[in-house]
Structure formats: C-alpha cells, structure tokens
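Chemist: My questions are about this predicted structure, shown below with the sequence.
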Amino acid sequence: MALLIILITYFTTTQSCQIPDDSVAAISPGHIMIGGLFAIHEKVLSSGICPRRPEIQQCVGFEISNFLQTLAMIHSIEMINNSTLLSGVKLGYEIYDTCTDVTVAMAATLRFLSKLNCSGGIMEFQCDYSHYMPRVKAVVGAGYSEITMAVSRMLNLLLMPQVSYESTAEILSDKIRFPSFLRTVPSDFYQTKAMAHLIQKSGWNWIGIIATDDDYGRLALNTFAVQTTANNVCIAFKEVLPAFLSDNTIEVRINETLEKIIAEAQVNVIVVFLRQFHVFSLFSKAIERNINKIWIASDNWSTATKITTIPNVKRIGKVVGFTFRRGNMTSFHSFLQNLHMFPNDNNKPLNEYAALLSACAYAKDSDLSQCISNHSQGTSADKADKYIKRNFSLRNDFLWDYTEPGLVHSIQLAMFALGYAIRDLCQARDCQNPNAFQPWELLDVLKNVTFTDGGNSFHFDAHGDMNTGYDVVLWKEINGHMTVTKMAQYDLKNDQIQSKCSKECSPGQMKKTTSSQHICCYECVNCPENHYSNQTDMDHCLLCHNETHWAPVRSTMCFEKEVEYLSWNDSLAILLLALSLLGIVFVLAIGIIFTRNLSTPVVKSSGGLTVCYVILLCHFLNFASTAFFVGEPQDFTCKTRQTLFGVSFTLCISCILMKSLKILLAFNFDPKLQNFLKCLYKPIPIIFTCTGIQVVICTLWLIFAAPAVEENVSLPRVIILESVVSPGPIPVLLASLQLGRKAWNFRHQHLHTYAKKILQMYLKLCIEKEFQ
C-alpha cells in the first residue's frame, strides 16, 4: 500500500508524466475505452542488483506469442465494433506492454486510473471514487498471476473490472481480496487436481516438481502437493526458479535443478509450473545433458511453439500438458492473413514486428523465431523499411504457427463478456457519452452477464471464474516436427479426464475394431435389423427375441410384433364374405324356384325334391362355413369350419353320386350291368354310409389330431395368427372328389354311345308323366 501511495503521489504532481515509448503499445479511440496489459517483451534491461533511480528501464526480448495475444484483443474489439452488438457505440483500446515486470505494469495501471480528459495523466486523491471518471472502463489482463495481483489491488480502489485471460492462481478467486477481478479461465485448483488425477491413474507415485518463485508458482506448488498427497503420490523434490529473467541467478538455479533431476534417477515424471522462457532454457540445457523424462506441462507452456521448435526437443522425452479449451479460430486466422493491411500508425508492437521481419528477411522459417529474438534486444519500433508489406505477405503463416488457440479463445471470451455487459448497461443510457457510467457499475453487470459463443453458453461463477475446462495435449513428432495433439478433455463438472481414441458409440450402434493395433480405436456401425444396443460403446448388438419382437436398423430397443389375421374389415375378407353371401342368395333363390315348381317335369326329372333340398342345404353350409375363416382364430372356429365343410361337402358329393348312378341305371341297356346297378343303387344307405364314414373320421380327427391356433413367426415384423390343420377330413374329402370324378368319367364315356337313345327315352318319359 505504501508503494501505491508513492506512485499516486508521483502522478499527482503538477508536472505531467511522459509515458515511455516502450510501455505504450497500441491506442485506438472510441466512445468507451478498454485497457489492455500484455507482456509483449520478456524482460527489462537491468541496471544492476538494485536500481539507483525510480525510472522505467527499456524493454527487450520481443515475445511473438504475447504479441499475438495483443492482436487477439484488437481483433475481438474490431469484431464487436463491426457487429450489431453495440449499435452506434464504438469500443476503443489503450494497450500497454508490461515487459513481464510488476513495476512497469503498475505504472501502466496508474495511467488507466488517471482522470478522463486530463492531458497530464493525473489521478486525483478522493475519499469516494463513486463519481470518479477514469480513462478506461475496464482492463483486460494481465497474463502472469503475480502481475495480475499487483494490478488488481490498484484497480480495487475504483472497483474497475479486470478480466484476465491467463492468470490462474487460486488466490485470485478470493473476492474479499480481489473484488473486481474476473477471468475467462479456470482456477489452478482444477488444473492441479487434473494433474494429480492423471498421475494417479497412470500408476506414478514418485515425481518431481519445478515451479517459479512467484505467487503463481508457489500457490500452484502448494495446491498440487495437497492434491498428490490425497492420491497417495509422493514428491521426490521441489525446485523453485527465479520468476524473472532479469534475475542474474536464474542460469545457476536451472543448472542446479538439472543436477537434481540427474541425481534422482528414479524420478521419471516431472511436473513443471514455469513460464515459457524458463522452460526454453531448461529444455535447451536438458537436451545437452541427455535428460529423458515424462514432463507434465502446465497451461503456461503446454502449446508454446517457441518450445516445440527447440532443436532436438524430442530427446527430452514425452510431454503431456493441460491447455485451455480452444474455440473457433477461423476469423482470427483470416485477420492474421490480412495483417499487412491493418493500420499500424498507433500500433508500436506491429511496427516493431515488421522491423524485425525486415531484419530477418533472409532467415529460414525454422530460424526466424531465433532471429527475431536476437534482433529484438535493441531494435527500434520506428525503423521499419519499405519492404514491410512484402515481408508480411511472405511470412503470413509464421504468426499462425505461433498462435496458442486456448489463449486466443480466452481473450475473445474476455472481450465478448465486456461487450455484452456494456450492451446491457447501455440500453437505458447514451453510451456515446464517455461519462455515461462508472467502472463499478459495469462490474455489477459483468458479474451476472451470460452470453453464447460457438453454440456454448458462458458466465462467471460466484468466484469470478469462467470454468471452461481443459484440453489434455500430447507432444508427437510428425514428419520430423514436434506437433501438439489434443488427446483428451478434462471436464470440471464431472471431475474426470476424458481420453478416447474414438468417439463413443451411441445407443443403436456397436464398436467395430479398425485396422489399428489398439483395441481402443474403433468405428461405430449401426446395429442390423432385429438387433439393438441400449448403452454407449457396446461391443456387440443384442439379438431381439425373433418370435415375439423385432427391431429396425440402429435400434435402441425391441418392438413387439403386431399380431395379424384375416379380420372382418380386411379387404380380402370382405370380398370372400361378399362372394359367399352371393352364393347363399343363389342357393335360396334356386330353392324358392324349386319349391314353386314342384310339379313340373324339370323338377321331377332332377332327382326328386328331397335330393335337391339336401344338395342345396349342403351348398348353403359350404358358403356359410366361410364366416368361420374370418376373424381372430379360436379353437371352436378352427374345429367347426373344417368339420362343417368336410361333412357338408361329403353329403353333397354323395347325393351327386346317387344321381349319377340313377342316370346310368336308366340308360344302360346291358342286362348284366343293369342288374348290378339295380343291386348297387340304394340311395339312402349309400348316402348315410359315405356321410357316416366322414363323420367318424372327423370325430376321430377332432379327438386325436384336432386343429390348434398357432403363431406363425416366420415374417420379420408381424405374427400371423393361424389355425394349423392336422391331416383329417381332407384325405376323405379328396377320396370323395376322386370317386365323384370317376363316376362322372364313367358316365361321360358311355354317354356318347347312348346319347340319342337317352334323349328319345327322356322325352318320351316326360310326355307320359305330363299326361298322367
């Protein structure tokens, strides 16, 4: 607090402070100004162990990845300004370079807190800042937790919203100490927990830890130690490195750390909570000493291209890391492709980058990063040559290779959160006026804002954190280049690491092993017909009970088969019943006609009234038996329809047989045959005998082999309910038909011989009966 008072006193003097050129990075005017803090340079030039004058030193060591973070903020603001989110209101920005130094960041923060429309950059001392109007309404940054904490304590004075895109120290979730701080990344509590979970599941119980000597490193170290203890994992050593490159002892401490790693030969897993420039130096020296381990990377450096492009980096061993979830990078990639067209008048980092590209115009792509690092120790941002545009065009993929998607997405979320909060706040205010609202009013709205991006919903929790989760990445060498590959996700809600070679198969599918040698890599194929799966990632589909159930392709369950039979409303049944009814009508009509003409020669010559009525009755029963074939089959109907049809049909055929014998007897002139036919012609006994035999057969059939209702399950989706007929009256019926056919053939063979005689005698007989 004493330092804060001294700095405020320094800025409230009558003399205006001239901001050093190296700290003011990029400015763009707008109705609402947003501040930004980025470590564009990796360190400040040290003037000795202890500074002799209170002046900000020159920043050196141009950091490409952090420069890209600056561009991500500018691009996000441009996206908001070009959208309809803030109609008529333009966002401006004022971005400063912290040079990875707390003092430089605090100087920039004082600039943010200075009074609006005051050319001297003066911050007034007041007892109540509720109506104080600073230059900016909110601050995005900083990246490193130690710098963020120092800045946050100063911004607390005005309750100015501070949204960080990278600071993950767990202590920042304390809203009593940091009431105006929010972040679009998870707390280190979840990262350390995920690391401990990964180590425990991998069966490692003897590990080492390397961290930085700052708030971020110490807090992560302590939290991780608690997590590993809970998972029965032991820590062999803890090494702490100086936090800043300006510390002259950093090289010595890195060498001592490597000696410790070599001494602890049983430790093959090392967890690293370091900044990128620490890891760069550590790995460069580890490669020289042939140290090969498994390294667990924190989100600070797990996807850093600066480290993956170290020569022979594959010799350090395997690297498994955690990084922030990435979003849609299409728009940002297009922005980088057209960066040479972006105005660079008020963008010193962009000018410096162009100058560095010009200085390294003849460097190979693989050496460009190192060339920029070497030249950035003293390059002026104002000395870009005339080939800037050409250099941008030739190296337009270089920046994209150094882009860290997780951090870019976090910066985009920070700006979108501010944009939506400003929209909600400006609905009843004229925000084209810079005095429309105070920073603390924006903070109240920002804490409760909810917005969507890429189909996902985002909001800050009660601790001001946006728990977006982590991606678990693995470094792999592909075609001679080290590539960062996503291999899993860490879900904060389910508190588990999700790592699968293939996407899980949904219900209705099953796993099919591919040509890969790993059983965890498979394809998902649909379950075939009559098979189903009701869980995810099933090895095989389950078979439905084919007799009663069925299932379509890719089914999650079996369906009962529909029971079908010849119902009364079926079109075929209606047709059969109509024909049967028509037959009954004909039978009744013929019966009426015969009754009304009993005394006519035609009726008398047809065989007699009794025989005709019996035949008509048999036809009536045959037609009526059709009704027993329609409707749901029952035991009674199955037995009745067969018996009724068999007996009535046999009776009808027997009558026809008697009439045939009578005709043969009347027209046969062979005395011997005629005597035989006279002995054979016994109408009533023959009819009763034939019909009785059929009745006996049907009775025995009903007793010993009665028909039964059965379900025909041969069809895939339906069950046919049908009456299964055992061999019974059908053979007898066929025999009767055969007998009738032979009688007819016999009559037909003799008919052509006696045709004339029969006709003459028939006419004579009819005439005689007519006159009687």
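Modeler: Thanks, I have it. Since the model is a prediction, treat every value here as computed from it, not as a measurement. Residues are numbered from 1 along each chain as shown.

Chemist: Every contact and neighbour count from this point should use C-alpha atoms.
Modeler: OK.

Chemist: residues contacting residue 225?
Modeler: Taking CA atoms under 8 Å, 6 or more residues apart in numbering, we find residue 225 in contact with residue 235.

Chemist: So it, which state does it fall into?
Modeler: Assigned by DSSP: H, G, I helix; E, B strand; the rest coil, the conformation of residue 225 is helix.

Chemist: repeat for the one 10 residues further on
Modeler: Secondary structure assignment for residue 235 (three-state DSSP): strand.

Chemist: isn't it right next to residue 209, touching?
Modeler: Yes: using CA atoms under 8 Å, residue 235 is in contact with residue 209, at 7.4 Å.

Chemist: Give me the more crowded residue out of those two.
Modeler: residue 209 (20 against 16; other CA atoms under 10 Å).

Chemist: helix/strand/coil for that one?
Modeler: Once three-state DSSP is applied, residue 209 turns out strand.

Chemist: residues contacting it?
Modeler: 221, 235, 237-239, 270-273.

Chemist: Buried members of those into ChimeraX, please.
Modeler: This is the ChimeraX syntax for the buried subset of those, where burial follows 16 or more other CA atoms under 10 Å:
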select :221,235,237,238,239,270,271,272,273
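
Chemist: Rebuild the contacts of residue 209 as TSV, extending it with pLDDT and secondary structure.
Modeler: Shown next, in TSV, are the contacts of residue 209 (pLDDT from 0 to 100; DSSP: H, G, I helix; E, B strand; the rest coil):
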residue	pLDDT	secondary structure
221	90	helix
235	87	strand
237	90	strand
238	92	strand
239	92	strand
270	93	strand
271	94	strand
272	94	strand
273	93	strand
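
Chemist: May I see the contacts of residue 209 organised as a markdown table, with distance to residue 717 added?
Modeler: Output for the contacts of residue 209, formatted as a markdown table (distance: CA to CA, whole Å):
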| residue | distance to residue 717 |
| --- | --- |
| 221 | 64 |
| 235 | 64 |
| 237 | 68 |
| 238 | 68 |
| 239 | 70 |
| 270 | 61 |
| 271 | 60 |
| 272 | 62 |
| 273 | 63 |
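
Chemist: Mind jotting down where the helices sit in the stretch 1-150 of the chain?
Modeler: Along the stretch 1-150 of the chain, the segments classed as helices by DSSP state H, counting those that start in this stretch run 2-11, 64-81, 102-113, 145-155.

Chemist: By mean pLDDT, show me the worst of these.
Modeler: Mean pLDDT per stretch puts helix 2-11 lowest among those, at a mean of 41.

Chemist: re earlier: can I get the helices of the stretch 1-150 of the chain in CSV including mean neighbour count and distance to residue 229?
Modeler: Putting these into CSV (neighbours: other CA atoms under 10 Å; distance: least, CA to CA, whole Å) gives the following:
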stretch, mean neighbour count, distance to residue 229
helix 2-11, 14, 39
helix 64-81, 21, 35
helix 102-113, 22, 33
helix 145-155, 22, 25
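
Chemist: can you put those helices in TSV and add distance to residue 550?
Modeler: Below are these laid out as TSV (distance: least, CA to CA, whole Å):
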stretch	distance to residue 550
helix 2-11	77
helix 64-81	54
helix 102-113	70
helix 145-155	61
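
Chemist: Same question for the longest helix seen in the chain: list its buried residues.
Modeler: Looking across the chain with DSSP state H, the single longest helix is helix 635-667. By 16+ other CA under 10 Å, the buried positions in helix 635-667 come out as 637-662, 664-665, 667.

Chemist: same deal with stretch 582-589?
Modeler: For stretch 582-589, by 16+ other CA under 10 Å, it's 583-584, 587.

Chemist: Counting only helices, which of those residues make the cut?
Modeler: 583-584, 587.

Chemist: Which element, helix or strand, includes residue 701?
Modeler: Assessed by DSSP states H and E, residue 701 sits inside helix 683-704.

Chemist: I'd like the mean pLDDT over that helix, please.
Modeler: 82.

Chemist: which other helices and strands contact it?
Modeler: helix 635-667, helix 729-751 (3 or more CA pairs under 8 Å, 6 or more residues apart in numbering; DSSP states H and E).

Chemist: By mean pLDDT, show me the worst of the ones you listed.
Modeler: Among the helices and strands packed on helix 683-704, helix 729-751 scores lowest, with a mean of 46.

Chemist: Quick check: bridge partners of the residue lying closest to residue 565 once chain neighbours are set aside?
Modeler: With sequence-adjacent residues excluded and distances taken as CA to CA, 6 or more residues apart in numbering, residue 565 is closest to residue 721, at 5.4 Å. Per DSSP bridges, the residues bridged to residue 721 are residue 711.

Chemist: picking that back up, can you state the direction angle for the helix holding residue 701 and helix 635-667?
Modeler: Put simply, helix 683-704 runs at 160 degrees to helix 635-667, going by axes from the mean of the first three to the mean of the last three CA atoms, to 10 degrees.

Chemist: buried residues in helix 683-704?
Modeler: 683, 686-687, 690-692, 694-695, 697-699, 701-702.

Chemist: Nearest to residue 577, out of these: which one, please.
Modeler: residue 698 (25.3 Å; CA to CA).

Chemist: Is it possible to get TSV of the buried residues of stretch 582-589 that adds pLDDT and distance to residue 146?
Modeler: As requested, the buried residues of stretch 582-589 are exported to TSV (pLDDT from 0 to 100; distance: CA to CA, whole Å):
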residue	pLDDT	distance to residue 146
583	87	103
584	87	104
587	85	109
